[in-house]
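K.L.:
need a structure here:
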Amino acid sequence: VGAGGLQVRSPEAAAADLGHWGSFGGPIDLAGDQRPNDGQALCFDLPVATEAVELLGFPHARLRVAADRRAAIVAARLCDVAPDGTSRLVTLGFLDLTHRHGHDRVEALHPGEPCSVDVALNAVAYRLPAGHRWRLAVSSTYWPWIWPVPEPATLTLHPGSSLELPVLDPGTPTHAPPPHFAEPEHAAAP
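P.N.:
Down below sits the predicted model:
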């Protein structure tokens with residue numbers, strides 16, 4: 001992030017293919033190519049992985065951010081970017097910035113004043129293949145999963161922001177593969 005920071009004001013329109021909330025993991029439930037959403041966010045690509053990288057746990061986007069309004073949200077998505085440019089959603093997290101000091105209280109932002117926040121992304125177990133790269137996408141909206149703030153906000157991401165990934169140590173012993181299970185069964189949608 002440059003010395004003056006980078007700004008994003010994501011559109012309030014519905015994001016592109018987000019997948020289903022509470023997915024059962026079926027192909028139709030999963031989010032599609034994230035490039036349309038990435039185009040409405042600040043994106044930070046890590047270097048291409050020279051070998052596979054496995055995550056197990058909670059990624060954290062530790063952001064130094066300011067907003068131009070007294071209320072704002074930040075959405076952070078971790079994506080797997082393939083060599084052909086396809087961006088696949090791995091996990092995501094959100095934070096209402098008026099809850100930056102805890103969900104037990106609401107504190108208005110001071111417009112333009114940077115604050116440090118920790119956006120915990122959902123727990124994940126994921127293997128990034130060699131030749132792919134991680135992408136962190138930061139946006140100021142995520143409709144329809146997150147209710148919009150009263151006034152659209154512009155976020156400024158300042159130096160000092162970072163991404164913490166729960167990388168599984170390659171030396172960690174793994175368990176034997178689980179027995180093969182048949183395809184899961186579920187009732188037809190109503």
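K.L.:
who's in contact with the residue sitting nearest the centre point of the chain?
P.N.:
Geometric centre of the chain, nearest residue: Arg77, 1.6 Å, by CA atoms, centre = their mean. Residues near Arg77 by CB atoms under 8 Å, 6 or more residues apart in numbering: Gln34, Asn37, Ala41, Leu89, Thr91, Leu92, Leu121, Arg135, Leu136, Ala137, Ser139. C-beta coordinates here come from the backbone N, C-alpha and C atoms, glycine included.
K.L.:
looking at this, the fourth one is in a strand?
P.N.:
Yes: with the criterion set as DSSP: H, G, I helix; E, B strand; the rest coil, the secondary structure at Leu89 is a strand.
K.L.:
what's across from it in the sheet?
P.N.:
Leu89 has the following beta-bridge partners by DSSP bridges: Cys79.
K.L.:
residue ranges of the helices in the protein, please?
P.N.:
Counting by DSSP state H, the chain has helices at residues 35-38.
K.L.:
Where does pLDDT dip in it?
P.N.:
Along the chain, the parts satisfying pLDDT under 70 run over 1-3, 13-29, 171-179.
K.L.:
any idea where the strands of it begin and end?
P.N.:
With DSSP state E applied, the chain shows strands at 6-8, 42-45, 53-57, 60-67, 73-81, 87-96, 115-120, 124-128, 133-139, 155-157, 162-164, listed in chain order.
K.L.:
So what's the residue count around the residue lying closest to His99 once chain neighbours are set aside?
P.N.:
Nearest residue to His99, sequence neighbours excluded (CB to CB, 6 or more residues apart in numbering): Val106, at 6.6 Å. Residue neighbour count, defined by other CB atoms under 10 Å, stands at 12 for Val106.
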